[in-house]
Each structure stands twice: as C-alpha cells, then as structure tokens.
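got a sequence here, can you build the structure:
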Amino acid sequence: MMREPRITSLLALWIALLVSPAFAGTTASFQYPLASFSGPVESLWARLAVDPERNEIYTLRQRNNDIRIYDEHGMEIFVFGEGVGSATDITVGNGGDLFLLTRGYQTATVQLLNYRGEHVADIPLKNVPRDFAGIVPDRIQHQNGLLYLVDSNEMKVIVVDEAGRFEKGYDLGRAIKPFIPREKARRELSATDWRALQLNNIDLNGFTVDAQGNLFFTVPVLFRAFKLSTHGELTDFGKAGSGLGKFGVIAGIATDEFGYVYVSDRLRSVILVFNSDLVFQTEFGYRGNLPSNLIVPDDLAIDGNGNLYVGQAAYRGVSVFKVVHRDTSFSRVIEATPINEVETSDRNIEEVEVSHPEFAVDLGSDEASTDSGDSSRNTEAVGSPNNEEGQNE
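Numbers count the residues shown, from 1 in each chain. As a prediction, this is how the structure comes out:
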C-alpha cells in the first residue's frame, strides 16, 4: 500500500532536479590557466580579447606593459610590449589586425597594429557630434567591421568605422536614469553612507557587443546588468544579494554565439550564466585557492569553442573554463507542466541579503576584508571598481 506514494515521491524529486538551475542545461568545468613554457603566466586583471577567426586569445597586462597571444590550447605563442605603456584596452579585427586604445590626460588614441604588434597607423576620430566630442574612451571592441569606444565614467559609447568615421552614439547614462533611485530615496540615506556616495558617481564596468549589435553592460552600484537591443529597447537583469544567482559587485560581461550571457562578480568571486532570455542558469568559480577557484574575477572573453577566459586579481592570471550548453527543450516541456507539490531545488537554498559593506582587496595577496577605514595605495575599494587608480593597479 505504501509503494505508490514512494514512486510518486521519486518521480517528483526527478522532475525537481530537471527544472533546477543546476540542471537547466549549462555546465562549466575548469581547464587550465593561460601559460607559457615556463608555467602559468601571472597577471592582474588583464584585459582580454579573442580573435574569432583563429580562436586565439590576447591579454593586455597594463602593469607589465605587454600584450601576449595564446593559441586555442592556452599556450603563449607571441609577446610584444613596444608602445603599449599607456594602453587601456585591445580588440582584434578582421585578418588579425589589432586595435589598441591608449589613454593620456583627457585624450585617447586608437592605434592600428599588425598581427606582429607593429604600429601601422593612428586612427583619428572624424565627424563626432558635439554631444560625444568630449568623451575619453577607456574600452574598445571590434564587431562587424565597427569599433565601439566606451567612456566608462561618462557612460557614453561612440561607434566608428575602421577609418574612424562616426556612425552612431549611445548615452547609456541617460538610458539608465529610470533605474536610479529617486532623490527622495537617496536623501533618506545618511550623508556618510557609502551607497549615497556611490550613487553620486555612477559608471559602468563591463561592456560587450554581440554579433547582432546588441549592447550589454554592467553598472555595479545599481547591482544590475543591462541589454540595449538594436531597436533601442533597454532590459535590465540581476538582483542584489549573496545567494545563488544574485549580484554582489559585478564587473565583466560577455556573450557567446548561442546568446548566453556571462557576468563576473568581484565580491562573490563567481561567474554567473544567463540564457538568451536573461534568465539565470548557473554559476561557478567561488573564492578559494584551488585551480578551479577565482579571486575577484573581472574581464571576460569567450571563443568559438566554448572556452571562457576569466581575468582575475592577486596575480592569479587568466583561468580558462569549458562551457557546455545541453539541449534544454526537454526541461522546457517539463517546466510548462503544472507541478503543485514540487519546489525547485534553488528555493531550498538559504539566502542572505547583504547591504554590501565597503569591500577591499589587497592587490598583493589573496586576502580580502570588509575594512571600512581608509585604504592604502595597495588596496582597491571594489565597491567602486572603475576608479582611475583601481584600473591602473
């Protein structure tokens, strides 16, 4: 007489596992760190770029003033450093051409390099309208024959062709105004509250453009990531918290050919994965000293083979993860079936909402603290991940 309820319970458990985020169709496994023949290559928050034609990965190490090229197996094949002393970002164009963004005092220059890193030409910006003429970009990305230049502090983007001719511009700061707390809510915060101070200096951190021309970016102080479609529709995703799938202090963002979105979280030291509908799928990494762990991950890049590259702090270098998306059509059918008595497994995970105290990372070690006092020159306040000193560190 007890046999039928037991079978029903097992069936319910099986269905619950199928619809849980961990079984939603995405898995990630650590592969290796980027390395030379001498061993893993150390780097501190390296900027990353992928050559889509060859699946080669480029790293810009700002502190070391060099650019390193790795093959699809993560082994170093070339390195150069001439002329990259003030570089802030790098991207790869068609045929292996490189576009290097260098920044000076209130100025920025786009340089065209050949595949050997030899300077070919400077690319002057042309016909930039007045509303965008004053930006000083610190990020650059090549997509579909166009260059996207991003001023993280002003939250403005200009799009130019490879000759520097202006095509269009985006004022992302204006676009996200509906998501910024109103003045009344901000006045309720203490004048010394770190959240009030940050809301006076909103900027973006991660930025990417997918093959369709959609813009994705992260705004750490709002605990949100955004998608701006080619039709001008702005969608936000993510929620502040310390539980599964929640945002702490988010940083880099990347997309793959299937429309999946990857977001790095500096505070939680994880990579969060969302599907093309911006629904959370899974997360991986977690702070620790094992090879598969991460320490304050930042910039992200993914190649055509499903290799996700993660730049991180504490001179941990760049970690490579293999991401696999299984066919989720079956689980979608099950999710459409009414289930009244089964809760998905993620609801059983205890969550702790956090108010995000000042979080600092010692750039010379693996240690982190929540010290709210004045930080030394060797410490970056991760709560404000895009300040000038932090990027130079």
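
for the chain, name the helix or strand with the lowest mean pLDDT.
Among the helices and strands of the chain, strand 379-381 carries the lowest confidence by mean pLDDT, DSSP states H and E, at a mean of 34.

what bridges to the closest residue to Asp210 other than its chain neighbours?
Ranked by C-beta to C-beta, 6 or more residues apart in numbering and with sequence neighbours excluded, the top spatial neighbour of Asp210 is Thr255, at 4.5 Å. All C-beta atoms are positioned from the backbone trio N, CA, C, and that covers glycine. Beta-bridge partners recorded for Thr255 (DSSP bridges): Val261.

for Thr255, what are its contacts?
Neighbouring residues of Thr255 by C-beta atoms under 8 Å, 6 or more residues apart in numbering: Thr208, Asp210, Asn214, Phe216, Val261, Tyr262, Ile302.

quick check: the third one touching Leu228?
Right, the one you point to is Asn214. Yes: here Asn214 reaches Leu228: they are 6.7 Å apart, a contact under C-beta atoms under 8 Å.

more neighbours: the two, which one.
Neighbours of Asn214 and Leu228, each counted by other C-beta atoms under 10 Å, are more numerous for Leu228; the result is 20 against 17.

nearest residue to that one in space, ignoring adjacent ones along the chain?
Closest to Leu228 by C-beta to C-beta, 6+ apart is Leu215, at 4.2 Å.

repeat that for Asp236.
Nearest to Asp236 is Arg224, by C-beta to C-beta, 6+ apart, at 4.8 Å.

same question for Thr27.
Distances taken as C-beta to C-beta, 6+ apart put Val324 closest to Thr27, at 5.1 Å, once the chain neighbours are dropped.

also Ser276?
Distances taken as C-beta to C-beta, 6+ apart place Gly259 nearest to Ser276, at 3.1 Å, with adjacent residues excluded.

show me what the helix or strand where Ala28 lies is packed up against.
For Ala28, the host element (DSSP states H and E) is strand 26-33. Judged by 3 or more C-beta pairs under 8 Å, 6 or more residues apart in numbering; DSSP states H and E, the packing partners of strand 26-33 are strand 270-274, strand 280-285, strand 318-325.

list the neighbouring strands of that strand plus their orientation.
Its sheet considered, strand 26-33 pairs with strand 318-325 (antiparallel) by DSSP bridges.

mind checking the pLDDT average for the partner strand?
For strand 318-325, mean pLDDT rounds to 96.

pull out the buried residues from that strand.
Buried residues in strand 318-325, counted by 16 or more other C-beta atoms under 10 Å: Val318, Ser319, Val320, Phe321, Val323, His325.

quick check on the residue sitting nearest the centre point of the chain: phi, psi?
Most central in the chain under C-alpha atoms, centre = their mean is Gly252, positioned 1.5 Å from the mean C-alpha point. Taking degrees, to the nearest 10, you get phi -70, psi 160 for the backbone angles of Gly252.

would you confirm that it contacts Phe216?
No: assessed by C-beta under 8 Å, Gly252 is found out of contact with Phe216, at 10.4 Å.

okay, and the common contacts of the two?
Contacts common to Gly252 and Phe216, judged by C-beta under 8 Å, 6+ apart, are Gly206.

tell me the one of the buried residues of strand 318-325 nearest Glu233?
For those, the residue nearest Glu233 by C-beta to C-beta is His325; the value is 24.5 Å.

quick one, what contacts the closest one?
Gly25, Thr26, Phe258, Tyr260.

what is the lowest-pLDDT residue among these?
Minimum pLDDT for those is recorded at Gly25 (84).

run a quick neighbour tally on the residue nearest to Val249 when sequence neighbours are not counted.
Excluding its sequence neighbours, the residue lying closest to Val249 (C-beta to C-beta, 6+ apart) is Leu267, at 4.0 Å. The number of residues packed near Leu267 is 22, by other C-beta under 10 Å.

does Leu267 really touch Gly241, like I thought?
No: Leu267 is beyond contact range of Gly241, at 10.8 Å (criterion: C-beta under 8 Å).

what touches both of those two?
Both Leu267 and Gly241 are in contact with Gly248, where contact means C-beta under 8 Å, 6+ apart.

what pLDDT is listed against His73?
pLDDT at His73 comes out at 95.

which residues are in contact with the nearest residue to Pro33 once chain neighbours are set aside?
Setting aside the residues directly before and after it, Pro33 is nearest to Pro40 in space (C-beta to C-beta, 6+ apart), at 4.2 Å. Shown in contact with Pro40 (C-beta under 8 Å, 6+ apart): Pro33, Leu34, Gly317.
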